[in-house]
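S.K.: with the sequence up front, the predicted model follows.
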Amino acid sequence: MSEVEHGFDAHDGVPNVDEASFHLIDDQALFASERARHRPRILILTGSLRKRSYSRLLGQEAARILQRYGVEVRFFDPAGLPLPDDADADHVKVRELRDLAAWSEGMVWVSPERHGAMTSVLKAQIDWIPLSLGGIRPTQGKTLAVMQVSGGSQSFNAVNQLRVLGRWMRMLTIPNQSSVPKAFLEFDEGGRMKPSSYYDRVVDVMEELVKFTLLTRDRRDYLVDRYSERKEQAAALAARVGQARL
């Protein structure tokens, strides 16, 4: 193929790029051998307050699998969490949720599908986690696995919506996912998930989540470092310096 084709010439360069903010890929930062040795930290959020909640039971099965992989797992109990904007951010449940989000290196979101969508219980939890908090972004660059349970035939409405939210929260949502139809048939009286292809998929998802978490947690800040934000920060700094000189 010619270097010049259809009016395109790769040698024209990128004159609109701010050179001070444009960084070439740093192999040392991306592939450095140093890595954390503590157990991966995963937070599980579930989307139902029912006494026999199948999203919670599925989350508990996921937790057992994650623990087998050597993961430290914590749950957030959404009972008592106020609706977004119906309480101050210093509410005890809001603080608990935000502290867990900051503690985690990855998350699992599990929602029932209700009226073709995720539940308000799960959405409220996500809405209470800010994109930025005191200069810290509680979710940016962290891994995410999404799962759902349904009372009827298999559907992917909830997990698809959760993927959109994960992207909006700047999380690294893994490719695999789990959707369990007719969940009331998939758990025994003791609340344990029965052997099935659906259970095998949950194992797949948790395995993938652990791998992606281990691969990215030490490089998270570098992976999500953005040219546009570096440019904005440089402009803001230049403006402050200019004002200081006046």
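M.R.: Right, received. Where do you want to start? Numbering: from 1, shown residues only.
S.K.: okay, the nearest residue to residue 130 once chain neighbours are set aside and residue 129: tell me how far apart.
M.R.: Spatial nearest neighbour of residue 130, chain neighbours left out: residue 138 (6.8 Å); criterion: C-beta to C-beta, 6 or more residues apart in numbering. Glycine gets a C-beta too; all of them are placed from N, C-alpha and C. As judged by C-beta to C-beta, to the nearest Å, residue 138 and residue 129 stand 6 Å apart.
S.K.: same question, residue 144
M.R.: Taking C-beta to C-beta, one finds residue 144 at 12 Å from residue 129.
S.K.: with residue 237 instead?
M.R.: Distance from residue 237 to residue 129, by C-beta to C-beta: 29 Å.
S.K.: pick out whichever of the two has more residues nearby.
M.R.: Using other C-beta atoms under 10 Å as the criterion, residue 237 and residue 129 rank with residue 129 on top: 19 against 10.
S.K.: dihedrals phi and psi, that one?
M.R.: Dihedral pair for residue 129: phi -90, psi 110, per degrees, to the nearest 10.
S.K.: just to check, it is in contact with residue 101?
M.R.: Yes. Counting by C-beta atoms under 8 Å, residue 101 is a contact partner of residue 129 at 4.9 Å.
S.K.: which neighbours do the two share?
M.R.: 138-139 (C-beta atoms under 8 Å, 6 or more residues apart in numbering).
S.K.: just confirm residue 53 contacts residue 75, I think it does.
M.R.: No. With contacts counted by C-beta under 8 Å, residue 53 stays clear of residue 75, the gap being 11.6 Å.
S.K.: list the residues that contact both of the two?
M.R.: In contact with both residue 53 and residue 75: residue 46, using C-beta under 8 Å, 6+ apart.
S.K.: which one's more surrounded, the two?
M.R.: residue 53 (20 against 15).
S.K.: check the gap between that one and residue 59 for me.
M.R.: 9 Å.
S.K.: joint contacts of these two?
M.R.: Common neighbours of residue 53 and residue 59 (C-beta under 8 Å, 6+ apart) are residue 46.
S.K.: beta-bridge partners for the residue nearest to residue 56 when sequence neighbours are not counted, please?
M.R.: The shortest distance from residue 56 to any non-neighbouring residue, by C-beta to C-beta, 6+ apart, is to residue 46 (4.6 Å). Taking DSSP bridges as the rule, residue 46 bridges to residue 110.
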